[in-house]
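**Student:** just to be clear, the model below is a prediction. Sequence and coordinates:
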Amino acid sequence: MKQTNYTIEVITIPILLFLFYIALIINIPGKGAMCDQDAIGISISMLIFVPVSMVFLIRTLSQLLKKNDEKFRKLSLIIFISLSILSYGGLNKLIFTFYFGELKIKAYSTEDQMAFIAFYKNGTFYSEGFDASCNEQITGTYEMSNTDLKLNYDKKSEFISTNYKRNGNTLISFDNKKDTLIIK
């Protein structure tokens, strides 16, 4: 019986850690595009994650009630809850709070407001764009003067240009294929 208990743990814990790792990576702002075809992988991982999590939680709680390996069980429960919070939104909020910091201005696409860019006081920006099947996230740094805005980012954006001319509350793209942005 003892061997079966350890076999279940040897199977569930690595699966949970792998799925937490994937969820943590997905939640880092600017990690790229999330398209419809990615939803299939996320759905499959959730179909695996939920039952494995339930097995892990039930086993951990039952072992805690029996007072078996109490230190290990409490620690594993704390780690599980912490990783759950971080994986499903917590890490994203921490990054925005501590890395990006205070929001300076936010600008939206004039076309259909399906793209926006947020400029932070520390010189970084976060941009998101949406179309029929994808959600694009881009991060980088910017240099803004009274009339010019230059964005520095590694990945080419479908929605956001690299150079803008500021005219009041309007950011006019030098690239005619990109939208004009309105500062709100």
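**Tutor:** Everything's here; your move.
**Student:** which secondary structure elements does the helix or strand hosting residue 81 contact?
**Tutor:** Residue 81 belongs to helix 70-85 when assigned by DSSP states H and E. Packing partners of helix 70-85 (3 or more C-beta pairs under 8 Å, 6 or more residues apart in numbering; DSSP states H and E): helix 2-26, helix 36-65. To be clear about C-beta, it is placed using only N, CA and C from the backbone, and glycine gets the same treatment.
**Student:** what about 6 Å?
**Tutor:** Identification of packing neighbours for helix 70-85 by 3 or more C-beta pairs under 6 Å, 6 or more residues apart in numbering; DSSP states H and E yields helix 36-65.
**Student:** now do the helix it packs on: distance to the chain's middle.
**Tutor:** 19 Å (C-alpha atoms, centre = their mean, to the nearest Å).
**Student:** any idea of the mean pLDDT for it?
**Tutor:** In this model, helix 36-65 has a mean pLDDT of 79.
**Student:** that one to helix 70-85, inter-axis angle?
**Tutor:** 160 degrees (axes from the mean of the first three to the mean of the last three C-alpha atoms, to 10 degrees).
**Student:** could you list every helix and strand in contact with helix 36-65?
**Tutor:** helix 2-26, helix 70-85.
**Student:** and those helices, which one's lowest on average pLDDT?
**Tutor:** helix 2-26 (a mean of 77).
**Student:** buried stuff in that one?
**Tutor:** By neighbour count with 16 or more other C-beta atoms under 10 Å, helix 2-26 contains the buried residues 9, 12, 15-16, 19-20, 23-24, 26.
**Student:** quick revisit: and for the helix holding residue 81, what's in contact with it?
**Tutor:** The contact list for helix 70-85, computed with C-beta atoms under 6 Å, 6 or more residues apart in numbering, reads 20, 60, 63-64.
**Student:** try it again with 10 Å
**Tutor:** 9, 13, 16-17, 19-21, 23-24, 49, 53, 56-57, 59-67, 69, 90-91, 93-94 (C-beta atoms under 10 Å, 6 or more residues apart in numbering).
**Student:** what's the spacing between the residue nearest the centre of the chain and residue 136?
**Tutor:** Centroid-nearest residue in the chain: residue 27, 2.0 Å away (criterion: C-alpha atoms, centre = their mean). Note on residue 27: its distance to residue 136, by C-beta to C-beta, to the nearest Å, is 16 Å.
**Student:** can I see the domain layout of the chain?
**Tutor:** Split into domains by automatic domain parsing, the chain comes to 2-100, 103-183.
**Student:** so which of the ones you listed is the most surrounded?
**Tutor:** domain 103-183 (a mean of 16; mean count of other C-beta atoms under 10 Å).
**Student:** give the rounded mean pLDDT of it.
**Tutor:** 85.
**Student:** please renumber so the chain begins at 46
**Tutor:** I'll keep to 46 as the first residue from here, and by that count the last item is domain 148-228.
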